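Undergrad: Could you look at this predicted model? Sequence included:
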Amino acid sequence: MFGRVEAFAGDPILSLNDSFKSDPRSEKVNLSIGVYTDEKGRIPVLGSVKAAYERIGFAERPYLPMEGHPGYREGVQKLIFGDTHPARETKRIATIQTIGGTGAVGIAADFLAKHCPGRTVLVSDPTWENHHGLFQRAGFKTTTYPYWDRSTKSVDFDGMVKALEAADSGSIVILQPVCHNPTGVDLDDKQQVAVTDVLVAKRHIVVFDMAYQGFGTSLEADAAFVRRYAERASCLVANSFSKNFSLYGERCGGLSIVCQDSDEAERVLGQLKLAVRRSYSSPPMLGGLLVATVLGNDDLRAQWTREVDEMRTRMDSVRKLLAEHIRALSNEVDVGFLLNQRGMFSFTGLTEQQVTAMRERDGVYLVGSGRMCVAGLNEENVPKVAKSFVEVS
Ligand code: LMR
């Protein structure tokens, strides 16, 4: 019956992570999947989340509503838009709890396929591969706008603006507002304003995918692009708590749609509920309660903010450490990119063959595109990674 089913080619990130797990070498280093590990190589359990877990205990587990836990949804809105954003004050934002950031982008794609069908979808070149997959699954054709300038290892700003100007009016544009995956390079403030002007003038439908809030500059500063954009136009914002709450397996995310008025927002929320009902009915409880408890309590939220700051500071310091170790081994490798990029990822410029050599020979795992998850570096593995990097460069 299923004799013609094709074999799965594997996912460039998740399947590689599976290969890492089954690699028998004890000295292996995982710099592939976007997961933050601490100095000891462990995924941290944040103190704020642990305290929330103790408060929650185990009680009845009814279904959550289709749109998710009310405190969670309120927490998402405040975190992304701030307490006093005009769109919040005028009740123009429809927010749902989603199954991770992937679930948020998936529901956004389904929503747009139903209500804005037939549009062109533009994603950055390069991007998180699943952006293509999720929008294609929803029935769209995807194409790209230039983003990465290989020669300068920075944003190809002119190329990006030209492509957004040339696209059909009303195209769907996926933007990562902070800690771009996979390149680690972001638009600066002036560039954000200029891109916003183009997007608004062309009436493009913007989907912000914000999976790393707090890993760039701070929780507040990282939201600035989205907040300013939402003052000028409607948009969709997918967010994830996988990384900044260190709650990968709980699948906690959110989707917010900024609408023209409160009536529109209510109808949009209804359609999001329908999309959820047709897909998985309602989101899971535990992760929802953990996030809602932390975000809804001043002390826990302040503790969590400090913990996010600590993770970011550690990532910045291991970037520097790797650059120093590489420099000590070779003057020929330019390590400037490590220090200019931010967030969990660094785009090394290594080719697929070089990445394969690092993996096969040294057990150092990077994604085939040359993306390195710097959040997997620590004092112990940096010397090995630096040596492997210099040897293949
Ligand atoms: C990544 O890019 O490695 C993470 O966002 C994990 C994923 O789902 O791909």
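TA: Thanks, I have the structure now.

Undergrad: how many neighbours does the residue nearest to residue 332 when sequence neighbours are not counted have?
TA: Spatial nearest neighbour of residue 332, chain neighbours left out: residue 393 (7.6 Å); criterion: CB to CB, 6 or more residues apart in numbering. The C-beta positions use only the backbone N, C-alpha and C, and glycine is treated the same way. Neighbourhood size, residue 393 [other CB atoms under 10 Å]: 15.

Undergrad: Same question for residue 357.
TA: Counted with other CB under 10 Å, residues neighbouring residue 357 total 16.

Undergrad: That one touches residue 392, doesn't it?
TA: Yes - if you go by CB atoms under 8 Å, residue 357 and residue 392 touch, sitting 4.9 Å apart.

Undergrad: residue contacts, the residue nearest to residue 373 when sequence neighbours are not counted?
TA: Closest residue to residue 373 apart from its sequence neighbours, by CB to CB, 6+ apart: residue 31 at 4.8 Å. Residues in contact with residue 31 (CB atoms under 8 Å, 6 or more residues apart in numbering) are 364-366, 372-374, 376-377, 385.

Undergrad: Apply 10 Å and report the result again.
TA: 20, 322, 345-346, 348, 358-359, 364-367, 371-377, 381, 385 (CB atoms under 10 Å, 6 or more residues apart in numbering).

Undergrad: rewinding a little: ok, the residue nearest to residue 332 touching residue 355?
TA: No - using CB atoms under 10 Å as the test, residue 393 is too far from residue 355 to be in contact (11.6 Å).

Undergrad: so what sits against both of these two?
TA: Counting by CB under 10 Å, 6+ apart, the common neighbours of residue 393 and residue 355 are residue 348.

Undergrad: Now residue 210. Its backbone dihedrals?
TA: Torsion angles at residue 210 (phi, psi; degrees, to the nearest 10) stand at phi -120, psi 90.

Undergrad: Look up how far residue 372 lies from it.
TA: Remark: distance between residue 210 and residue 372 (CB to CB, to the nearest Å) = 21 Å.

Undergrad: all strands of the stretch 251-393 of the chain, in order?
TA: 252-258, 345-347, 364-365, 371-373 (DSSP state E, counting those that start in this stretch).

Undergrad: roughly how far out does the last one sit from the chain middle?
TA: So the one you mean is strand 371-373. Counting by CA atoms, centre = their mean, to the nearest Å, strand 371-373 is centred 14 Å from the centre of its parent chain.

Undergrad: Which strands or helices does that strand pack on?
TA: The elements that strand 371-373 packs onto, with contact taken as 3 or more CB pairs under 10 Å, 6 or more residues apart in numbering; DSSP states H and E, are helix 298-329, strand 345-347, helix 352-362, strand 364-365.

Undergrad: buried sites along the third one?
TA: When burial is assessed from 16 or more other CB atoms under 10 Å, helix 352-362 yields the following buried residues: 354-355, 357-359, 362.

Undergrad: Residue 210 and residue 372: which is more packed in?
TA: Per other CB under 10 Å, whichever of residue 210 and residue 372 has more neighbours is residue 372, with 30 against 25.

Undergrad: residue contacts, that one?
TA: 31-32, 182, 184, 319, 322, 338, 341, 344-348, 350, 355, 358, 364-366, 385, 389.

Undergrad: can you check residue 82 too?
TA: 88, 220, 223-224, 226-227 are the contacts of residue 82 under CB under 10 Å, 6+ apart.

Undergrad: Adding distance to residue 153, pLDDT and secondary structure, write those residues out as TSV.
TA: Conversion of these to TSV gives the following (distance: CB to CB, whole Å; pLDDT from 0 to 100; DSSP: H, G, I helix; E, B strand; the rest coil):
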residue	distance to residue 153	pLDDT	secondary structure
88	37	97	helix
220	28	98	helix
223	26	98	coil
224	24	98	helix
226	25	98	helix
227	28	98	helix
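
Undergrad: Generate a ChimeraX selection restricted to the buried subset of those.
TA: Filtering these down to the buried ones (16+ other CB under 10 Å) takes a single ChimeraX command:
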select :88,223,224,226,227
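
Undergrad: What is the neighbour count of the closest residue to residue 265 other than its chain neighbours?
TA: Using CB to CB, 6+ apart and skipping the chain neighbours, the partner closest in space to residue 265 is residue 259 (4.1 Å). Residue 259: 21 surrounding residues under other CB under 10 Å.

Undergrad: Quick check, the residue in this protein closest to the ligand?
TA: Nearest residue of the chain to the ligand (CB to the nearest ligand atom) works out as residue 34 at 3.2 Å.

Undergrad: That residue touches residue 373, doesn't it?
TA: Yes - assessed by CB under 10 Å, residue 34 is found in contact with residue 373 at 5.5 Å.

Undergrad: in terms of contact, does residue 124 touch residue 177 like I think?
TA: No - using CB under 10 Å as the test, residue 124 is too far from residue 177 to be in contact (11.6 Å).

Undergrad: Find residues that contact each of the two.
TA: residue 209.

Undergrad: Could you check stretch 12-21 against the ligand for contacts?
TA: Yes - judged by CB under 6 Å from any ligand atom, stretch 12-21 comes into contact with the ligand at residue 13.

Undergrad: mind listing what residue 349 touches?
TA: Contacts of residue 349 by CB under 10 Å, 6+ apart are 148, 150-151, 153, 334, 337, 370, 393.

Undergrad: at 7 Å what do you get?
TA: Listed by CB atoms under 7 Å, 6 or more residues apart in numbering, the contact set of residue 349 reads 150, 153, 337, 370.

Undergrad: ditto for residue 322
TA: For residue 322, the contact set (CB under 7 Å, 6+ apart) comprises 338, 377, 382, 385-386.

Undergrad: before we move on, what about residue 109?
TA: The contact partners of residue 109, taken as CB under 7 Å, 6+ apart, are 134-135, 138.

Undergrad: Out of these, who's the most crowded?
TA: residue 135 (26 neighbours).

Undergrad: Let me know the secondary structure of it.
TA: helix (DSSP: H, G, I helix; E, B strand; the rest coil).
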